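>>> I would like to see how this sequence folds:
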Amino acid sequence: MNPLHRRRPAGFTLIELMVTLTIGAILLMIAAPSFVSFQRNSELTSAANSLVAAINAARGEAMKRGMSAVLVPASGTSDWSQGWTVFVDMNRNQAFDSATDVLVLQQRALSSYFTASGEGTAKDTPAYIMFDASGYTKTSTATFRSLTMTITRNDLTGTAQTEQTRRIVIAKTGRARTCRPAADTSCTTTADE
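Purely as a prediction, here's the structure:
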């Protein structure tokens, strides 16, 4: 081999590596906020679906067992953001008693950037959603009552917050549906169907 024709070592130079890392850092800074927003929007949908599943579980247990089933906030107040508990109310007091009531499911607290609230009996003190043996929503005074639940991102404001709000409407018949107030004019806190 001719000593004048030395092979150049393979690999990157320090300058090429620094330019590549800088471009990567810039792309990451642009993509990270979008990723966080995407992740939180997915969590919002998941939280709304979990609440609908809990509502349907309570209704199903009430009809299956022929007794009242209740969904209550885990906090014992009207703050649904701390999670919720579904149980068959054996002693008919609308409060979970581990000694007598049948636990169906418990949901842990939502992330701190979500707020969950209710209207109707879901806003009372203490708040609750109760289904009778026929699957209808009832109050503690045995009247039929529709109600709504709202889950929203509290890290947003204005129209961005309205866009990232989900509402669950529970009809007197016990049927639950999820809607977006920003896209559905019938999706109000006083909706009954």
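
>>> which secondary structure element contains the residue nearest the centre of the chain?
For the chain, the residue nearest the mean C-alpha position is residue 47 (1.7 Å; Cα atoms, centre = their mean). Counting by DSSP states H and E, the element that carries residue 47 is helix 14-65.

>>> what residues sit buried inside stretch 29-46?
The neighbour-count check on stretch 29-46 (16 or more other Cβ atoms under 10 Å) flags 40, 43-44 as buried. In short, each C-beta sits where N, CA and C put it, glycine included.

>>> that should have said stretch 140-151, apologies.
In stretch 140-151, counting by 16+ other Cβ under 10 Å, buried: 145-151.

>>> now it: how far from the chain's centre is it?
19 Å (Cα atoms, centre = their mean, to the nearest Å).

>>> ok, residue 164 touching residue 156?
Yes - between residue 164 and residue 156 there is a contact at 5.8 Å, judged by Cβ atoms under 8 Å.

>>> who has more neighbours, these two?
Using other Cβ atoms under 10 Å as the criterion, residue 164 and residue 156 rank with residue 164 on top: 22 against 16.

>>> list the residues that contact that one.
Residue 164 is in contact with 40-41, 44, 152-153, 156, counting by Cβ atoms under 8 Å, 6 or more residues apart in numbering.

>>> returning to what we had before: and the next helix or strand past the helix holding residue 47?
strand 69-73.

>>> who does that next one touch, helix- and strand-wise?
Other helices and strands packing on strand 69-73, by 3 or more Cβ pairs under 8 Å, 6 or more residues apart in numbering; DSSP states H and E, are helix 14-65, strand 84-88, strand 129-131.

>>> what's the first one packed up against?
Other elements packing on helix 14-65 under the criterion 3+ Cβ pairs under 8 Å, 6+ apart are strand 69-73, strand 84-88, strand 102-107, strand 114-118, strand 129-131, strand 147-153, strand 165-170, strand 176-179.
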